[in-house]
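S.K.: predicted model, plus sequence, below.
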Protein chains: 2
Amino acid sequence: MRTSKYLFSTLKETPNDAQVVSHQLMLRAGMIRPLASGLYDWMPTGIRVLNKVEKIIREEMNKSGAIEVRMPVTQPAELWQESGRWEQYGPELLRFKDRGERDFVLGPTNEEVITDLVRREISSYKQLPLNLYQIQIKFRDEVRPRFGMMRSREFIMKDSYSFHTDHASLQETYDLMYQTYSNIFTRLGLDFRAVQADTGAIGGSASHEFQVLAQSGEDDVVFSTESDFAANIELAEAVAVGQRAAPQKALELVDTPNAKTIASLVEQFSLPIENSVKTLIVKGANPEYPLIALIIRGDHELNELKAEKLAEVASPLEFAEEAEIKAKIGAGVGSLGPVNLNIPAIIDRSVALMSDFCAGANIDGKHYFNINWERDLALPKIADLRNVVAGDPSPDGKGSLMIKRGIEVGHIFQLGTKYSQAMNATVQGEDSRPQTMIMGCYGIGVTRVVAAAIEQHHDERGIIWPCDEIAPFKLAIVPMNMHKSESVREFAEQLYVDLQARGIEVILDDRKERPGVMFADMELIGVPHMLIIGEKNLANGEIEYKNRRNGEKQMIAKDQLAAFIASL
Amino acid sequence: MRTSKYLFSTLKETPNDAQVVSHQLMLRAGMIRPLASGLYDWMPTGIRVLNKVEKIIREEMNKSGAIEVRMPVTQPAELWQESGRWEQYGPELLRFKDRGERDFVLGPTNEEVITDLVRREISSYKQLPLNLYQIQIKFRDEVRPRFGMMRSREFIMKDSYSFHTDHASLQETYDLMYQTYSNIFTRLGLDFRAVQADTGAIGGSASHEFQVLAQSGEDDVVFSTESDFAANIELAEAVAVGQRAAPQKALELVDTPNAKTIASLVEQFSLPIENSVKTLIVKGANPEYPLIALIIRGDHELNELKAEKLAEVASPLEFAEEAEIKAKIGAGVGSLGPVNLNIPAIIDRSVALMSDFCAGANIDGKHYFNINWERDLALPKIADLRNVVAGDPSPDGKGSLMIKRGIEVGHIFQLGTKYSQAMNATVQGEDSRPQTMIMGCYGIGVTRVVAAAIEQHHDERGIIWPCDEIAPFKLAIVPMNMHKSESVREFAEQLYVDLQARGIEVILDDRKERPGVMFADMELIGVPHMLIIGEKNLANGEIEYKNRRNGEKQMIAKDQLAAFIASL
């Protein structure tokens, strides 16, 4: 490709409305342009990358034995009514009527359509397992589309759906998809973690997210320093190790009129925050106990998902109103604690190991200091209630935990029979009786992968593609003063022709621009390898090479050039 | 691929509701399945073909220098309002509102979005010409979706749009696209014609359709036996050759009470139909002449497009009501003719060459026989009014015309400034003043190409792909009784592994089916090459080969097999 014949469209300035790096750089590099809120035109440089990411995903999916299909973007409402999601799905599901006033949706996901397809095509257990995938446009009418390709309304997903007669078979395909996704993200050169995840609204049992680690991620990913343990922070188990120390001091009731929060309490009394606890009051599941106290260490955060899974706690989790608390316990939220508490309490594992700690006294403006379990009060029910923090022991016993921000680029689920049951998708089982199929589903946000790669791999000059295979071009030829120097022009043109003949994706910058502009543009779009053709160097029989990833430069002898390029 | 791990889904019976061959065979071969009216799931065998067709189109477009982009399927209404098509387009344009009550459409075509993109990106004549293409889903809410992939609602198009500052540049890109389309359809192995076409509703000047010749086509394509002249019948010029013979007989007024049509007239009086004329009354363009008579030979058909382009005739063409005719001329439609006619007449070129012909007398139940121009009445205005018929001389003077049915798979247009003017898409011209860009647009119906290939290439056993490159698999291995014969199983499995390693797309039929079922399925889906592994042949050191296209069989010696396959 020649820049002069290409729609290059780089921008020097960062657009004001782009908040995250990938959005900024995709705009600046001329990869995308906004068409409407959450809708983007993919520009030439962008579509080259997107096509390559798609190709890698397709190749690895095919290698796994998954079979490609393609379902329409427009889906009839009947199937969504059958699964129950026509009612359950909120306004993210874009609904419309066709000219015959029939209801349709723009597919945000494809469980219904694929389940319908398979129930019509597959009649016997002998035809299973089956894993069907597509790479297709999806639409989610996000309330607040943002961050460019990270959360757009129209996007591309690779989604696959597997069908089984038993859980062992589902587990086998699930494991294969886990491995395939690992292969895909490894091949893309991404630093990622496959983390245990909540199955959420889509239903089902086991689930893993594939998270690309990057500052701008919306999720907290927890992983071990020493093992391959990894989980979304929502799910990571907080382990408490060690023994509770023996009581050292006597229980003391202290006036704390100005300590409404843990932070002010520990500051005023110079207490270590690890010696304090927070008491949070939530609604109970059992009408007999409408309020439940959840107690965690002062420096910890409640994990709402863990709390909500407790039998005693109402789901979804709901915090009690201040007035309700006051009426029942007789003290405000700043003065609550386990001593003399008149509602059931559940304490975090780490709280059970504390001694000589302080907490609210359930009297406004007072705290107890030096509380000790089994001396001052009985030990309540113990549970895992908190988010892990960096340095916590890994729940698999190997190493300690680190926490990083992650961008979810893939998600695999064991769906079970959620859709197949609702839609009556059965096969004849080995015993000749109808059997509901068991399903798995597996998604990759293809357009989001492009953004995540940029979030993780960039510098102040622009994009650094994590692997040559997805760069828009592998190599740039930047001739200096080509329009004045005949020797430069001739060499650059010949090199361009030769490299194209060798099947190398090369871009020749033949614009009448200053060398600085050309370098900046090639670095901005992230071409991994650059050959700089200068008159003086040429006369010395040399070409300058610059590597985008490490910034290293070297001079290559003209007669070594072919071999050098082959080695890249 | 192994059939046992594949979603094969062939059908023995032809589905009742499929009227055309491609629809029947795509269903029977398991290429597509209906999801809703005009919406289809692409099944594994279908998507393999579709991906390959896309790949060929992409490669040839890239070769031409066109640059790939991708625009969203959902398009904001504002752009359609700006071009005026929001009002002009009928219910085929699917409109919907997003959650914020903003208007959108599902894109049936992309002139608006691309014009908007280019006006934002391109500022100078120096950046032109530019030819941008995409391969993307389109949606047209057809009133009567039918014929499977021939007229579906959701389909895939390759659409491209070129931008220029002068017509010479547009013509250059137009010619290049003409050649590129010819290359694409040639590479696909299709028998096609590039025909002159009407520019229709989309506007613009020059236009060619690419028509795949097939019985089931919806268009009539006219082409010369001796030259490359080809045109849609709407546009093909009807040339009249020869001289008018001198009058032989006297004008005669004949009672014809039972001759209400040309057919009954020529039958009752044993006249050659070529010696009769039909007089059709249409609305005039000029209020002074509200009715105009169009006169063509009895065996010819009026070409409405040609008629409507005449200055005297109202556009769009409208036939006069019977009552209106009676009131003005004094006779019914079965008795009209040029003699004593009180409205202006325009006669077809071929009518001007007639002598001693018959026509209605403008008196109910009477005809004139032996009418002669310039003896019985003056020669009216002469024009090209009729559809050509097979055997007519080619308008380029070379050979005569043939007519075949065609399926439109591509269309190229010189749009001019229709969209760029409405949307104010200008660049700074060479003279520094703003200049409206000139546009071309070029489409290929990608999904329709698959159907057209089948319409043109099939037999009673199924699909015959016109080139190996788009067949779902290149080669089938059909082992006979593989599950009983160890030697067959071993050879087939080894051959399968070897061919895969050589990068050949092979399908191994490892189902427990009778050989007849396997042969039928492989022929139905159109695998071009089949290797049949039988125990007895193997013992003789031979493999049977069968070619899908010509049905020829031959025995290949085991040690020649690798070389034979390489030669395919």
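M.R.: Cool, got the structure. Numbers count the residues shown, from 1 in each chain, chains lettered A, B, ... in the order given.
S.K.: residues from the stretch 51-200 of chain A in reach of chain B?
M.R.: By Cβ under 8 Å from any Cβ of the partner chain, the residues of the stretch 51-200 of chain A that approach chain B are A:51, A:65, A:67-76, A:91-92, A:94, A:96-99, A:102, A:104, A:106, A:113, A:116-117, A:120-122, A:130, A:132, A:134, A:137, A:139, A:141, A:143, A:153-154. C-betas here are computed from N, CA, C, even on glycine.
S.K.: pLDDT weak spots in chain A?
M.R.: A:199-205 (pLDDT under 70).
S.K.: report the separation between the residue nearest to the spatial centre of it and A:C358.
M.R.: Centroid-nearest residue in chain A, with Cα atoms, centre = their mean: A:E408, separated by 1.4 Å. Taken as Cβ to Cβ, to the nearest Å, the spacing of A:E408 relative to A:C358 amounts to 39 Å.
S.K.: and the residues of the stretch 51-200 of chain A next to chain B, which are buried?
M.R.: A:51, A:65, A:67-76, A:94, A:96, A:98, A:104, A:106, A:113, A:116-117, A:121-122, A:130, A:132, A:134, A:137, A:139, A:141, A:153-154 (16 or more other Cβ atoms under 10 Å in any protein chain shown).
S.K.: sort out which of those are in helices and list them.
M.R.: A:N51, A:V113, A:D116, A:L117, A:E121 (DSSP state H).
S.K.: with those in mind, which one is nearest to B:F147?
M.R.: Of all those, B:F147 sits closest to A:L117, with 21.5 Å by Cβ to Cβ.
S.K.: once you drop chain neighbours, what's closest to that closest one?
M.R.: B:D41 (5.3 Å; Cβ to Cβ, 6 or more residues apart in numbering or on different chains).
S.K.: burial count for the one you found?
M.R.: Residues lying near B:D41 (other Cβ atoms under 10 Å in any protein chain shown) number 24.
S.K.: now it: phi and psi?
M.R.: Torsion angles at B:D41 (phi, psi; degrees, to the nearest 10) stand at phi -80, psi 130.
S.K.: without its sequence neighbours, what residue ends up closest to A:I184?
M.R.: Counting by Cβ to Cβ, 6+ apart, the residue nearest A:I184 is A:E60, at 4.8 Å.
S.K.: correct me, but the one you found touches A:T186?
M.R.: No: counting by Cβ atoms under 8 Å, A:E60 sits too far from A:T186 to count as a contact (9.7 Å).
S.K.: of these two, which one has the most company?
M.R.: Neighbour comparison, A:E60 and A:T186: the larger count goes to A:E60, with 22 against 13 (by other Cβ under 10 Å).
S.K.: can you mark which positions in the helix or strand harbouring that one are buried?
M.R.: Per DSSP states H and E: A:E60 is located in helix A:44-63. Neighbour counts using 16+ other Cβ under 10 Å place A:44-54, A:56-58, A:60-61 of helix A:44-63 among the buried residues.
S.K.: next one: that helix to chain centre, how far?
M.R.: Offset of helix A:44-63 from its chain centre (Cα atoms, centre = their mean, to the nearest Å): 19 Å.
S.K.: which strands and helices sit next to it?
M.R.: strand A:67-68, strand A:130-139, strand A:154-164, helix A:167-187, helix A:446-456, strand B:67-68 (3 or more Cβ pairs under 8 Å, 6 or more residues apart in numbering or on different chains; DSSP states H and E).
S.K.: okay, angle between that helix and strand A:130-139 too, please.
M.R.: If you take axes from the mean of the first three to the mean of the last three Cα atoms, to 10 degrees, helix A:44-63 sits at 160 degrees to strand A:130-139.
S.K.: dump helix A:44-63 to CSV, keeping only the CA atoms.
M.R.: In CSV, the C-alpha atoms belonging to helix A:44-63 read as follows (Å, rounded to 0.1, in the frame of the first residue of the first chain):
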residue,chain,number,x,y,z
PRO,A,44,-8.9,1.3,6.4
THR,A,45,-6.3,1.0,9.1
GLY,A,46,-8.8,-0.3,11.6
ILE,A,47,-10.4,-2.9,9.4
ARG,A,48,-7.0,-4.3,8.5
VAL,A,49,-6.5,-5.0,12.2
LEU,A,50,-10.0,-6.2,12.8
ASN,A,51,-9.9,-8.7,9.8
LYS,A,52,-6.6,-10.1,11.2
VAL,A,53,-8.0,-10.6,14.7
GLU,A,54,-11.0,-12.3,13.2
LYS,A,55,-8.8,-14.5,11.1
ILE,A,56,-6.8,-15.7,14.2
ILE,A,57,-9.9,-16.4,16.1
ARG,A,58,-11.5,-18.3,13.2
GLU,A,59,-8.3,-20.4,12.7
GLU,A,60,-8.1,-21.3,16.4
MET,A,61,-11.8,-22.1,16.6
ASN,A,62,-11.6,-24.3,13.6
LYS,A,63,-8.5,-26.0,15.1
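S.K.: which residues does that helix contact?
M.R.: A:6-9, A:26, A:29-32, A:42, A:68, A:133, A:135, A:156, A:158, A:160, A:180, A:183-184, A:187-188, A:444, A:446-447, A:449-450, A:465, A:469-473, A:525, B:67-70, B:132, B:134 (Cβ atoms under 8 Å, 6 or more residues apart in numbering or on different chains).
S.K.: of those, buried ones?
M.R.: Buried residues within the contacts of helix A:44-63, counting neighbours by 16+ other Cβ under 10 Å: A:6-9, A:26, A:29-32, A:42, A:68, A:133, A:135, A:156, A:158, A:160, A:180, A:183-184, A:187-188, A:444, A:446-447, A:449-450, A:465, A:470-473, A:525, B:67-70, B:132, B:134.
S.K.: next SSE after the lengthiest strand in chain A?
M.R.: Looking across chain A with DSSP state E, the single longest strand is strand A:401-416. Next along the chain after strand A:401-416, taking DSSP H and E as the criterion, comes helix A:418-422.
S.K.: need the contact list for the closest residue to chain B within the stretch 301-450 of chain A.
M.R.: At 10.1 Å from chain B, A:T447 is the closest residue in the stretch 301-450 of chain A, using Cβ to the nearest Cβ. Residues near A:T447 by Cβ under 8 Å, 6+ apart: A:L50, A:M149, A:S152, A:F155, A:I156.
S.K.: same thing with A:E490?
M.R.: No contacts exist for A:E490 under Cβ under 8 Å, 6+ apart.
S.K.: how about 10 Å then?
M.R.: A:P479, A:M482, A:I533, A:L538 (Cβ atoms under 10 Å, 6 or more residues apart in numbering or on different chains).
S.K.: you'd agree it is in a helix?
M.R.: Yes: assessed by DSSP: H, G, I helix; E, B strand; the rest coil, A:E490 belongs to a helix.
S.K.: next one: it from A:I533, what distance?
M.R.: 10 Å.
S.K.: cool, A:H208 as well?
M.R.: A:H208 is 48 Å from A:I533, by Cβ to Cβ.
S.K.: what do you get for A:I371?
M.R.: 76 Å.
S.K.: please apply the same query to A:A311.
M.R.: According to Cβ to Cβ, A:A311 stands 72 Å off from A:I533.
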